[in-house]
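S.K.: Sharing a model that was predicted from the sequence below.
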Amino acid sequence: MTEHANSTDVLVVGGGMAGLAGALALRENGANVTLVERAPEFGEVGAGLQMAPNASRVLQRWGLLEKALEIGVQPKHLVFRDAVTGEELTRQSLKGEFEERYGAPYVVIHRSDLHRVLLEGCEAAGVKLVNDVLVERVDTVGGRAIARTASGQDYEADVVIGADGLKSTLRPQVAQDQPVSSAYVAYRGTVPITAETPAADLEDVVVYLGPDCHLVQYPLRKGELLNTVAVFKSPSFERGEEQYGGVDELQAAYKDCVPAVQAALANLGTSIRWPMYDRDPIENWVAGRMVLMGDAAHPMLQYLAQGACQALEDAAVLQDVSAGTVFREDGINPTGWDEAIRTFNAARTERTARVQRTARVWGESWHVAGVARTLRNLLFKSRKDNDFQYNDWLYGQTGEGRPAAEAPGTQLASRASV
C-alpha cells in the first residue's frame, strides 16, 4: 500500500503516563514513534502518586530515576492506622532491606512531576509529539494500521498503541464493556508544609482506615508539600452524580474519625472530586495491528497504588518482547509486530487482572465496620515489619518489568491509595 503522509513505525494514542512510557520504550528500541494526544497541550491533573519498586526499576532502566528522585520523596515507612481510634495497626519499612530486596526505591511524587519527567524523556529521545488529535478507530489494512481521526487526517503505522485511558475510544474494538463504578469518590489536596505540620507526617506514607472511608497523607516535592487524599463511599455517586455541590458528604463520612483525620480534611480541594472507576479484566487487548496498554487495557482502583506502576511495567514488557521480533540486529522487521503484540498481551493480562481484582478486595478490607473491622485490625497487628511474603508477588522481579513468582497469601502489606 502507498505510505500515508503521516506515516510512522509506531503510533501511540494518548499522552498520559502509559502513552509516554510506551512511546519512550519503543523509541529506545529504535522505532520512529509519533504520539498523538487529544488535549491541546500535555499535562497531568491530580496530586501525588506512589511509585513502588516495580515502577522505579523501569525508570532506572531508562535513565530517568535520578530525575524523579530529585523532585520526589523517599518515605521511610508505610503506616496503617485505625481512623476511629488512631491506633497503629502495622508498618512497612521502605528503605534498607526493602530497597535491597526489590532493587529500587519506593518514591512518592507529584503526578505532574512524573508526567514531565516522561514527557521530557520522550522529547529528548526524538518522539514526535502532536496535540489536538482525536483518534476514533484503527483499521488494519494490508498489514499496517490506519488511525482514523475526528478531523479526517489519518495516520498510518506498523502498529498502534492505544493508551487513551479509562474512557478509551479504542477499547470498543476489543470489548463492549463499560467502566464499573465503585461507589467511592476521592477529594485531593496539596498544602505547603509549615512549622505546625507534625514531624512524623514528613517521613512516612500514613493511611487511616475507617468504616466506608480512608485518608492518606504523605510529603511531596522534597518535603515542601503535604499530599492528602480522602476517599469515601458517596451516596450521591451511588445515585449517579459524578460531581456534587456541597461538602456535607465529605464531613459526614469522617464524623467518627480521630481529630487528626478530621483536621486533615481542611487540606483538601473541594471544587472537584474524583469518582472511582475500574473495569472488569479482559483477556484480549489486540485488534489487528492495534494493542491497548495502561488504563485503556486494565484500569484499576487505587488501593494498591499500581495504576501508573502497571503502565510502566506494560511499557517495559512491550520494549522487551519487540526487541527480538521487530527490532533486530539486521534492522526493523515490521511483520514481527503480530507476534510481538500477541506475546505482550499474553505476558500482561494475567498479571494486570490479578492487580485489578486484588485492588477491589483490598479496598473492601480497608472500609469494613463492626466485627469485620475488629478482625482486620487483629490481622494487621499480627504482621511483622519486613514480612515480605505479601509484597513479593507485586514488587519482585525476574527481569526488568516482569513479576517474580507469586507469593501466597492476602496482600496484607500492599500499597496505599494514590
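M.R.: Looks like it arrived, so ask away. Note that the coordinates shown come from a computational prediction; the quantities given were computed from them, not determined experimentally. Numbers count the residues shown, from 1 in each chain.

S.K.: how about the strands of the stretch 101-250 of the chain, start to end?
M.R.: 107-110, 128-130, 135-141, 144-149, 155-162, 180-192, 204-210, 213-220, 225-233 (DSSP state E, counting those that start in this stretch).

S.K.: ranking the ones you listed by burial, who's on top?
M.R.: Greatest average neighbour count among the strands of the stretch 101-250 of the chain goes to strand 155-162 (a mean of 27), per mean count of other Cβ atoms under 10 Å. No exception for glycine: its C-beta is placed from N, CA and C like everyone else's.

S.K.: quick check: angle from it to strand 144-149?
M.R.: Using axes from the mean of the first three to the mean of the last three Cα atoms, to 10 degrees, the inter-axis angle of strand 155-162 relative to strand 144-149 is 90 degrees.

S.K.: E97 contacts D387, doesn't it?
M.R.: No. With contact defined as Cβ atoms under 8 Å, E97 does not reach D387; the gap is 11.0 Å.

S.K.: Output the strands of the stretch 101-250 of the chain in TSV, with distance to T335 and mean pLDDT appended to each entry.
M.R.: Converted to TSV, the strands of the stretch 101-250 of the chain look like this (distance: least, Cβ to Cβ, whole Å; pLDDT from 0 to 100):
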stretch	distance to T335	mean pLDDT
strand 107-110	39	95
strand 128-130	23	97
strand 135-141	13	97
strand 144-149	11	97
strand 155-162	9	98
strand 180-192	37	93
strand 204-210	46	97
strand 213-220	46	95
strand 225-233	46	94
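
S.K.: Output those strands as TSV; include the columns distance to M293.
M.R.: Shown next, in TSV, are the strands of the stretch 101-250 of the chain (distance: least, Cβ to Cβ, whole Å):
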stretch	distance to M293
strand 107-110	21
strand 128-130	18
strand 135-141	14
strand 144-149	15
strand 155-162	6
strand 180-192	19
strand 204-210	27
strand 213-220	27
strand 225-233	25
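
S.K.: Out of these, the one nearest V247 is which?
M.R.: Smallest distance to V247 across the strands of the stretch 101-250 of the chain (Cβ to Cβ): 8.4 Å, for strand 180-192.

S.K.: Tell me which strands that closest one pairs with, and in which orientation.
M.R.: strand 225-233 (antiparallel), strand 274-278 (antiparallel) (DSSP bridges).

S.K.: As CSV, the ones you listed with distance to R111 would be great.
M.R.: Conversion of the strands paired with strand 180-192 to CSV gives the following (distance: least, Cβ to Cβ, whole Å):
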stretch, distance to R111
strand 225-233, 10
strand 274-278, 12
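
S.K.: Roughly how far does A252 sit from A297?
M.R.: Here A252 is placed at a distance of 36 Å from A297 (Cβ to Cβ, to the nearest Å).

S.K.: the more surrounded of those two?
M.R.: A297 (29 against 12; other Cβ atoms under 10 Å).

S.K.: so that one touches T352, yeah?
M.R.: Yes. Look at A297 against T352 with Cβ under 8 Å: they come within range, at 7.0 Å.

S.K.: what do those two both touch?
M.R.: Common neighbours of A297 and T352 (criterion: Cβ atoms under 8 Å, 6 or more residues apart in numbering): D314.

S.K.: Go ahead and confirm Q243 touches I272.
M.R.: Yes. Contact criterion Cβ under 8 Å: Q243 and I272 qualify, at 7.1 Å.

S.K.: can you count the residues close to R27?
M.R.: 23.

S.K.: Residues in contact with the helix or strand hosting it: which ones?
M.R.: Taking DSSP states H and E as the definition, one finds R27 inside helix 17-28. Applying Cβ under 8 Å, 6+ apart, the external contacts of helix 17-28 come out as 9-10, 12-13, 33, 35, 37, 44, 58, 62, 114-115, 118-119, 121-122, 125-127, 161, 163-165, 293-296, 308, 311-312, 314-316, 318-319, 322.
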